[in-house]
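Undergrad: any chance you can model this:
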Amino acid sequence: MKKSMERKRNKEQYKRLIKLSFAAVMLLGLCFLYGVTWIGYYNKHILQIPFYRRGNWLIVLLYGILLMFFMNTYGGFKVGYLKNGNLIYSQIMSVLFVNIFTYFQIAIIDKRFVNPGYILLMTVGDIVFIVVWTLVFQAVYKNMFPPHRMLFVEGDRRDYHLKDKINSREDKYEICEVISYKKGMAAIEQRIPLYDAVIIGDMPSHERNLLLKYCYHVGVRTYSVPKISDVLLRSSDELNLFDTPLLLSRNMGLNVEQQWMKRAEDIVVAFIMLCLFSPVFLIAAIGIKSTDGGPIFYKQERLTKDGKCFMIYKFRTMVVDAEKRSGAVLATERDPRILPIGRVLRATRLDELPQILNILKGDMSVVGPRPERPELVAEIEKNIPEFSYRLKVKAGLTGYAQVYGKYNTTSYDKLKLDLMYIRKYSLLLDVKLIIMTPKIMLLKESTEGVMPDPDVPTEK
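TA: Numbers count the residues shown, from 1 in each chain. Modelled structure (predicted):
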């Protein structure tokens with residue numbers, strides 16, 4: 001048993017190299033298809049002087065750089081981490097964006113709109129290559145690296161959500177034993193060496209620190225549930241004063257320069273979005289009005305920076321007066337109050353497009369924590385007093401918790417994700433989250449209805 005586990009741990013050190021080989025073959029294969037398309041057709045038919053050897057290499061290199069950027073952003077290289085469907089979806093999204101950009105790049109070079117047929121044919125070839133290579137490699141990878149056998153050390157609260165999520169990835173994780181931290185360190189230390197990894201639940205800091213140190217000592221990997229204080233500490237600045245390491249946490253939200261920069265970003269991005277999505281506004285308005293003749297837009301009170309209230313605009317996706325009987329509750333899966341066109345708008349998150357007007361007014365930002373309702377926040381704060389920490393910045397149309405979480409992520413986890421964003425804010429992070437938003441708009445797991453959350457009131 002111990003020898004088998006030792007061999008498995010030794011093999012783990014080659015995992016990154018194997019993942020790198022997957023990414024390299026993926027990039028080379030897609031760049032080869034583009035090289036054949038560019039050199040075999042477009043370079044021969046442009047009106048300008050055609051490119052020669054080094055010029056062609058440069059064109060293909062630019063394609064590869066763009067592809068690498070989008071693959072890294074959307075997670076197209078996360079073999080062994082994402083499920084097959086999610087991984088392939090991420091790769092196809094990356095290729096579609098790059099190929100669209102490349103078509104316009106060729107059009108600029110040739111100073112005319114060229115025949116898109118060969119780009120479309122190349123895209124089909126890209127998709128076939130992506131599906132075949134990813135499925136084959138994922139099968140080989142799964143055989144080489146079977147699921148981690150894990151010991152789950154339970155904490156005091158919310159761990160059942162984590163267990164359910166981990167159990168949903170049986171291709172990657174296998175919880176073989178569950179033990180409470182209350183059993184004592186002696187009992188837990190006897191079990192730890194028998195497993196590949198340990199999940200440390202939400203437990204008191206003293207017990208958690210003992211477990212972390214012991215796992216480090218015996219060389220067993222750990223997955224820890226961070227506390228609010230952990231999120232604040234990990235994003236602090238490191239200082240060394242009088243040979244004593246210190247962590248500086250300023251706790252002021254965004255500074256003045258960042259606020260000005262973010263407001264400028266909001267105005268520019270919101271104006272561009274308003275121009276691009278004006279046809280969607282028209283189609284949604286016709287669809288909603290023709291369903292039941294009610295109002296197109298839905299206004300609701302929400303919270304933004306410093307706890308200020310504002311009226312948020314959304315496309316109406318439910319029947320008129322949907323909460324007259326139920327009160328302030330979140331929508332659930334297959335909610336009978338949702339209109340037929342509302343299901344489409346909610347599934348793609350297009351119901352939130354009118355919030356562009358809120359951004360231009362200054363109530364919201366393009367990127368920030370999800371704007372919550374005052375009644376729900378008041379209920380959540382009864383169990384999580386720190387929930388108001390999210391209001392150090394303006395609420396956002398998209399955000400860190402919206403991209404990396406799901407619609408049914410617990411309030412406690414949403415708080416931690418939002419704090420991660422606030423603590424490491426940068427313009428580049430905003431750009432990355434904006435680029436990632438189209439991917440999560442169509443992912444079912446990102447838009448599925450709310451499951452029971454211990455900190456949110458549910459409909460009775």
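Undergrad: next, Met26: secondary structure please.
TA: When classified by DSSP: H, G, I helix; E, B strand; the rest coil, Met26 comes out as helix.
Undergrad: which residue comes closest to it once chain neighbours are left out?
TA: Among residues not flanking Met26 along the chain, Trp133 sits closest, at 6.4 Å (CB to CB, 6 or more residues apart in numbering). (Each C-beta comes from the backbone N, C-alpha and C, glycine too.)
Undergrad: Ser365 bridge partners, please.
TA: With DSSP bridges as the criterion, Ser365 is bridged to Gly396.
Undergrad: pLDDT weak spots in this protein?
TA: Applying pLDDT under 70 to the chain flags the ranges 1-12, 47, 157-160, 242, 321-336, 407-408, 442-460.
Undergrad: for it, what spans make up the strands?
TA: Per DSSP state E, the chain carries strands over the ranges 148-154, 173-180, 197-200, 221-224, 237-241, 244-248, 297-303, 309-315, 365-367, 396-398.
Undergrad: tell me which of these lies nearest to Ile46.
TA: Proximity to Ile46 (CB to CB) singles out strand 365-367 among those, at 37.4 Å.
Undergrad: which other helices and strands contact that closest one?
TA: Applying 3 or more CB pairs under 8 Å, 6 or more residues apart in numbering; DSSP states H and E, we find strand 365-367 packed against helix 256-276, strand 396-398, helix 427-441.
Undergrad: list the buried residues for the longest one?
TA: It refers to helix 256-276. For helix 256-276, the neighbour count (16 or more other CB atoms under 10 Å) marks 261-262, 265-266, 269-270, 273 as buried.
Undergrad: distance check, the nearest residue to Leu135 once chain neighbours are set aside against Gly287.
TA: Spatial nearest neighbour of Leu135, excluding adjacent residues (CB to CB, 6+ apart): Asn84 at 6.5 Å. Counting by CB to CB, to the nearest Å, the separation of Asn84 from Gly287 is 34 Å.
Undergrad: again with Cys176
TA: Computed with CB to CB, the distance linking Cys176 and Gly287 is 50 Å.
Undergrad: on that earlier part again, and the helices and strands packed on strand 365-367 as JSON lines, adding distance to Tyr103?
TA: Output for the helices and strands packed on strand 365-367, formatted as JSON lines (distance: least, CB to CB, whole Å):
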{"stretch": "helix 256-276", "distance to Tyr103": "18"}
{"stretch": "strand 396-398", "distance to Tyr103": "26"}
{"stretch": "helix 427-441", "distance to Tyr103": "18"}
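Undergrad: of those, which is nearest Leu212?
TA: helix 427-441 (27.9 Å).
Undergrad: other SSEs contacting the closest one?
TA: Against helix 427-441 (3+ CB pairs under 8 Å, 6+ apart) you get helix 53-74, helix 84-110, helix 256-276, strand 365-367, strand 396-398, helix 400-404.
Undergrad: show me what the third one is packed against.
TA: Spelled out, it's helix 256-276. Applying 3+ CB pairs under 8 Å, 6+ apart, one finds that helix 256-276 contacts helix 355-361, strand 365-367, helix 427-441.
Undergrad: so which of the ones you listed is nearest Asn209?
TA: Distances from Asn209 to each of the helices and strands packed on helix 256-276 were compared by CB to CB, and the smallest falls on helix 427-441, at 30.0 Å.
Undergrad: so that closest one versus helix 84-110, what angle?
TA: Helix 427-441 and helix 84-110 meet at an angle of 120 degrees, taking axes from the mean of the first three to the mean of the last three CA atoms, to 10 degrees as the criterion.
Undergrad: buried residues in helix 427-441, which are they?
TA: Going by neighbour count (16+ other CB under 10 Å), the buried part of helix 427-441 is 430, 432-434, 436-437, 439-441.
Undergrad: just the CA coordinates for that helix, please, in PDB.
TA: Extracted in PDB, the C-alpha atoms of helix 427-441 (Å, rounded to 0.1, in the frame of the first residue of the first chain):
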ATOM      1  CA  LEU A 427      -7.500  47.100 -14.600                       C
ATOM      2  CA  LEU A 428      -6.000  44.000 -16.100                       C
ATOM      3  CA  LEU A 429      -8.200  41.800 -13.800                       C
ATOM      4  CA  ASP A 430     -11.300  43.700 -14.900                       C
ATOM      5  CA  VAL A 431     -10.300  43.200 -18.600                       C
ATOM      6  CA  LYS A 432      -9.900  39.400 -17.900                       C
ATOM      7  CA  LEU A 433     -13.200  39.100 -16.200                       C
ATOM      8  CA  ILE A 434     -15.000  41.000 -19.000                       C
ATOM      9  CA  ILE A 435     -13.400  38.700 -21.600                       C
ATOM     10  CA  MET A 436     -14.400  35.600 -19.600                       C
ATOM     11  CA  THR A 437     -18.000  36.700 -19.200                       C
ATOM     12  CA  PRO A 438     -19.200  35.400 -22.600                       C
ATOM     13  CA  LYS A 439     -18.000  32.000 -21.700                       C
ATOM     14  CA  ILE A 440     -20.000  31.600 -18.500                       C
ATOM     15  CA  MET A 441     -23.100  33.200 -20.100                       C
END
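Undergrad: can you list contacts of it?
TA: 70, 73-74, 89-90, 93, 261-262, 265, 269, 348-350, 366-367, 398-400, 402-403, 421, 446-447 (CB atoms under 8 Å, 6 or more residues apart in numbering).
Undergrad: now swap in stretch 73-84 and tell me
TA: With CB under 8 Å, 6+ apart as the test, stretch 73-84 has contacts from 15, 19, 22-23, 26, 70-71, 86-87, 90-91, 93-94, 134-135, 137-138, 141-142, 145, 169, 171-172, 432, 435-436, 439.
Undergrad: list only buried entries from those.
TA: 19, 22-23, 26, 70-71, 86-87, 90-91, 93-94, 134, 137-138, 141, 145, 172, 432, 436, 439.
Undergrad: how about the residue of the chain most remote from its centre, phi and psi?
TA: In the chain, the residue that sits farthest from the middle, by CA atoms, centre = their mean, is Ile49; the gap is 43.7 Å. In terms of degrees, to the nearest 10, the main-chain angles of Ile49 are phi -70, psi 130.
Undergrad: look up how far Arg250 lies from it.
TA: Going from Ile49 to Arg250 by CB to CB gives 56 Å.
Undergrad: so Asp171 sits against His148, correct?
TA: No: using CB atoms under 8 Å, Asp171 is not in contact with His148, being 10.8 Å away.
Undergrad: picking up where we left off before, nearest to Tyr214, of the helices and strands packed on helix 427-441?
TA: helix 400-404 (29.7 Å).
Undergrad: which residues are contacting that closest one?
TA: For helix 400-404, contacts defined as CB under 8 Å, 6+ apart pick out 367, 369-370, 396, 409, 413-414, 417-418, 420-421, 429, 433, 436-437, 440.
Undergrad: closest to Tyr298 among these?
TA: Arg370 (16.2 Å).
Undergrad: near Asp363, how many other residues are there?
TA: Number of residues near Asp363 (other CB atoms under 10 Å) recorded here: 21.
Undergrad: what sits against it?
TA: Asp363 makes contacts with 304, 310, 312, 394-395, as judged by CB under 8 Å, 6+ apart.
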